[in-house]
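[1] structure for this input, please:
(chains A, B, C and D)
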Number of protein chains: 2
Amino acid sequence: MPPLTTTAHALLGLLAVQPWTSYELTKQMGRSLQHFWPRAESKLYEEPKKLVAQGLATATTRTVGRRTSTVYAITPAGRRALRRWTATPGAGPVLEFELLLQVFFGDHGTKADLLDNLDACAEWAAERTRTNIEVAREYATGTGPFPARTAQSTLVAAFLTRHWDAVADWAAWARGVVEQWPDDLSAATPPWEVIREVAARPLPPSPIGRIRSAEEA
Amino acid sequence: MPPLTTTAHALLGLLAVQPWTSYELTKQMGRSLQHFWPRAESKLYEEPKKLVAQGLATATTRTVGRRTSTVYAITPAGRRALRRWTATPGAGPVLEFELLLQVFFGDHGTKADLLDNLDACAEWAAERTRTNIEVAREYATGTGPFPARTAQSTLVAAFLTRHWDAVADWAAWARGVVEQWPDDLSAATPPWEVIREVAARPLPPSPIGRIRSAEEA
DNA sequence: CCTCCTTTACTCCCCTGGGGAGTATGGCGG
DNA sequence: CCGCCATACTCCCCAGGGGAGTAAAGGAGG
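    Numbering: from 1, shown residues only, chains lettered A, B, ... in the order given. Sure, this is the predicted structure:
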């Protein structure tokens, strides 16, 4: 009985809403959770089998013509496991950002490449923002999926919006800074005002002792 | 001759600054790059060997007493590979955020647990902000490491600051929202103003045709 | 001077997960 | 009725995570 992974709990969360086929689970993970818990499609087909093996979900086979599909449903034990999971503090955000790495080492390339990379960041953020606006309009007109879950969804959407705005704002700001730099990037002047602003902040109080940072859990 | 990974290029970037021992490379990755390119320590010992195999770096063994350490240095071919990499647009940000997942499925737990998870997010952000301020103060007083790289570092630090601020702001805001909710989370009222604000934004123009999103690259 | 703890300096290995390839059938548009 | 897209999966290679294990150097404290 190996301990359940976070992905298993995510699937339990979806199953707690309603039963789904494996295919629908992968679609759902791709649509709504991909932005903060991206997982490979093939693994999303494997995972629910483990839930069944642990008695946290049931699988029923449905047949259409000569094709079969598996419908998963959560069990009371599954709901208990889900509830237990929400009570155990999980990991904080983990970020992978190759374009930022390229900006960090941008002085080993050309100024034009650096600007291109910043533009790619801006375009990435614009793309997310575009679909974000479309989804928000659906919810605003009451045509969004799962209206009963709007409260939770909006809380999450509020974070993602801030996140994508942060990327967009930064990319636009950084472009303005880099445009002022000479072609020889080793002679670039740092935007000191950023350093000064952060240095001038008061240190937030550290919770001495009892608290450990979230990702240790 | 398999194509180089992003991690390999990150190490080339470090080696372009100065030669390092494997141990120093792992420390450096842990200190500066961990926030946007986290990698397992054991792999950071393996990776430079591949660079040497491809002729992008050289390894020299140094002996202190009866202990040996390997010093890696970049070659001209390594610098060319690094330059080529900065000219090929990389992937956009990829986020993993378990606490957000727990917030998303928070309606299957208690309100108290939901608030705890939001507090954990706030504490995570406060922790990052703390070390961020300390580092900024070093640079402000001119005592930061690698002053010649301050321009690039500041560009990256500006993004990370925005990112951590976004987490902190969101966690504080979400706490305020959830506090207003009843104990029965299924009766929670969504913060509609978020949806309205996003829905009211003009759609950013989509670059028809030529551009593909960053992460396809 | 001796001891012990921390830092330096790695190697090994199991297993999770990414991700592409492959295989079929159902349904629908033209 | 043909072809394409959506549905519904399985298989497998290999990159990478991460913990365990090993060992010597350096420094702090008695």
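[2] I'd say A:Leu160 and A:Gln34 touch.
    No - applying C-beta atoms under 8 Å, one finds A:Leu160 not in contact with A:Gln34, separated by 10.7 Å. (C-beta placed from N, C-alpha, C; glycine too.)
[3] these two: which is more packed in?
    A:Leu160 (19 against 13; other C-beta atoms under 10 Å in any protein chain shown).
[4] relative to helix B:150-179, how tilted is the helix or strand where that one lies?
    Per DSSP states H and E: A:Leu160 is located in helix A:150-180. Computed by axes from the mean of the first three to the mean of the last three C-alpha atoms, to 10 degrees, the angle separating helix A:150-180 from helix B:150-179 equals 160 degrees.
[5] which helices and strands sit right next to helix A:150-180?
    Packed against helix A:150-180, as judged by 3 or more C-beta pairs under 8 Å, 6 or more residues apart in numbering or on different chains; DSSP states H and E, are the following elements: helix A:111-140, helix B:98-104, helix B:150-179, helix B:192-199.
[6] how is chain A carved up into domains?
    As given by automatic domain parsing, the domain ranges for chain A are A:6-86, A:98-199.
[7] out of these, flag the one nearest DNA strand C.
    Of all these, it is domain A:6-86 that lies closest to DNA strand C, at 2.4 Å by C-beta to the nearest atom of the strand.
[8] any part of the closest one near DNA strand C?
    Yes - using C-beta under 7 Å from any atom of the strand, domain A:6-86 reaches DNA strand C at A:6-7, A:38-43, A:64-67.
[9] so for that domain, mean pLDDT?
    For domain A:6-86, mean pLDDT is 95.
[10] ends of that domain, what's the gap?
    Start-to-end span of domain A:6-86 (C-alpha to C-alpha, to the nearest Å) is 11 Å.
[11] do the same with stretch A:58-71
    Using C-alpha to C-alpha, the two ends of stretch A:58-71 sit 8 Å apart.
[12] helix, strand or coil for the most centrally placed residue in chain A?
    Nearest to the geometric centre of chain A sits A:Phe36, at 1.4 Å (C-alpha atoms, centre = their mean). Taking DSSP: H, G, I helix; E, B strand; the rest coil as the rule, one finds A:Phe36 in the coil state.
[13] now do the contacts for the nearest residue to it once chain neighbours are set aside.
    Leaving aside its chain neighbours, A:Phe36 sits nearest to B:Phe97 (4.2 Å; criterion: C-beta to C-beta, 6 or more residues apart in numbering or on different chains). Contact analysis of B:Phe97 by C-beta atoms under 8 Å, 6 or more residues apart in numbering or on different chains lists A:36-37, A:91-94, A:159.
[14] next up, phi/psi of A:Gly65, please.
    Backbone torsions of A:Gly65, given as degrees, to the nearest 10, read phi 60, psi -130.
[15] how far away is it from chain B?
    35 Å (C-beta to the nearest C-beta, to the nearest Å).
[16] that residue: how many residues sit nearby?
    Neighbour count for A:Gly65, taken as other C-beta under 10 Å: 5.
[17] packing partners for the strand or helix carrying A:Ala10?
    Assigning secondary structure by DSSP H and E places A:Ala10 in helix A:6-17. Applying 3+ C-beta pairs under 8 Å, 6+ apart, one finds that helix A:6-17 contacts helix A:22-28, helix A:41-53, strand A:67-74, helix A:76-86, helix B:98-104.
[18] between the ones you listed, which one is closest to B:Asn117.
    Nearest to B:Asn117 among the helices and strands packed on helix A:6-17 is helix B:98-104; the distance by C-beta to C-beta comes to 5.0 Å.
[19] pull out the buried positions in stretch A:159-178.
    A:159-171, A:173-175, A:177-178 (16 or more other C-beta atoms under 10 Å in any protein chain shown).
[20] scratch that, stretch A:10-22 is what I was asking about
    A:10-16, A:19-22.
[21] A:Arg31: how many residues sit nearby?
    Applying other C-beta under 10 Å, we find 11 residues neighbouring A:Arg31.
[22] next one: it relative to DNA strand D, how far apart?
    Noted for A:Arg31: a distance of 11 Å to DNA strand D, by C-beta to the nearest atom of the strand, to the nearest Å.
[23] residues contacting A:Thr61?
    Contacts of A:Thr61 (C-beta under 8 Å, 6+ apart): A:68-71.
[24] how about those residues in CSV, adding distance to B:Ala151 and neighbour count?
    Below are those laid out as CSV (distance: C-beta to C-beta, whole Å; neighbours: other C-beta atoms under 10 Å in any protein chain shown):
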residue, distance to B:Ala151, neighbour count
A:Thr68, 60, 9
A:Ser69, 56, 13
A:Thr70, 55, 17
A:Val71, 56, 14
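[25] give me the subset of those touching chain B.
    For chain B, no contacts are drawn from these by C-beta under 8 Å from any C-beta of the partner chain.
[26] closest one of the residues you listed to A:Ala112?
    Nearest to A:Ala112 among the contacts of A:Thr61 is A:Ser69, at 51.1 Å by C-beta to C-beta.
[27] is the closest one in contact with A:Ser22, as I believe?
    Yes - applying C-beta under 8 Å, one finds A:Ser69 in contact with A:Ser22, separated by 7.3 Å.
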